[in-house]
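> Model the following, please.
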Amino acid sequence: MGKRLGKKGMTILELLVTMAVLSLVGAMVLSLVSAGRRSSTRIQTDIADDTEARTALSLITVAMRQHDATGAIELVNTGARTERLKLRSNPFATNSEVKERGKVILFREEDDGMCAIYAVDRSEEGQSVSDPEDVMPLSALSPIAVVKSVQITEDIIENSLVYNIVISYGADGREKTLEQSVTLRSAFPST
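So this is what the prediction gives:
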């Protein structure tokens, strides 16, 4: 091939090679951006799930510690799931109506299989922590947290009542659990 004197520009072959190289570089950049977006979305979802689970665990443990008196906490389990937690404000009251006032933490399975957690104040006159769910205004409330499941069990260890809380949360295939034990300071009455 001879010299190209005075001719400027590129040959068609050079142009095609340049376009192919730029296309490859562009595809690699787009795949990196796409992977970054997916990763960012997954991390944001994980953070939101962690926050929901920690909010639920905090609500339950703080409520139990606030109602640390013999007979103040009643756990209602149905089968393998926790249905409600009754927290009496004054378990030593002589008036039975006053004795039944307090807070109820409800664990309701939603249509999508998730567990919505509601805190319902039942401390007004004429209300009771033992009222059926249809008396409680859940439709007017937003859930405090939504997780996969909540299981609370109770045990007596060294004359103390211990509640074990297990919260499952996270997306399918990436499920996580939070666990906490709450030991009540008030002694369990010996029989």
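> can you confirm Arg108 is in a strand?
Yes. Arg108: assigned to a strand according to DSSP: H, G, I helix; E, B strand; the rest coil.
> quick one, what contacts the residue nearest in space to the middle of the chain?
Closest to where the C-alpha atoms of the chain average out (Cα atoms, centre = their mean) is Ala53, at 2.7 Å. Taking Cβ atoms under 8 Å, 6 or more residues apart in numbering, we find Ala53 in contact with Ala145, Val147, Ile167, Tyr169, Lys176, Leu178. The C-beta positions use only the backbone N, C-alpha and C, and glycine is treated the same way.
> next one: Pro143
Applying Cβ under 8 Å, 6+ apart to Pro143 gives the contacts Arg108, Ala116, Ile117, Tyr118.
> Now with 10 Å, please.
Glu52, Ala56, Leu106, Phe107, Arg108, Glu110, Met114, Cys115, Ala116, Ile117, Tyr118, Ala119 (Cβ atoms under 10 Å, 6 or more residues apart in numbering).
> Identify the bridge partners of the fifth one.
According to DSSP bridges, the partner residues bridging Arg108 are Ala116.
> How many neighbouring residues does it have?
15 (other Cβ atoms under 10 Å).
> roughly how far apart are it and Thr78?
Counting by Cβ to Cβ, to the nearest Å, the gap from Arg108 to Thr78 is 12 Å.
> now do the first one
With the distance defined as Cβ to Cβ, Glu52 ends up 23 Å from Thr78.
> Of those two, give the one with the bigger neighbour count.
For Glu52 versus Thr78, neighbours defined as other Cβ under 10 Å are more numerous around Glu52 (21 against 8).
> related to what we said a few turns ago, pick the one among the contacts of Ala53 closest to Val21.
Nearest to Val21 out of those is Lys176 (Cβ to Cβ; 44.4 Å).
> Thanks again, I'm all set now.
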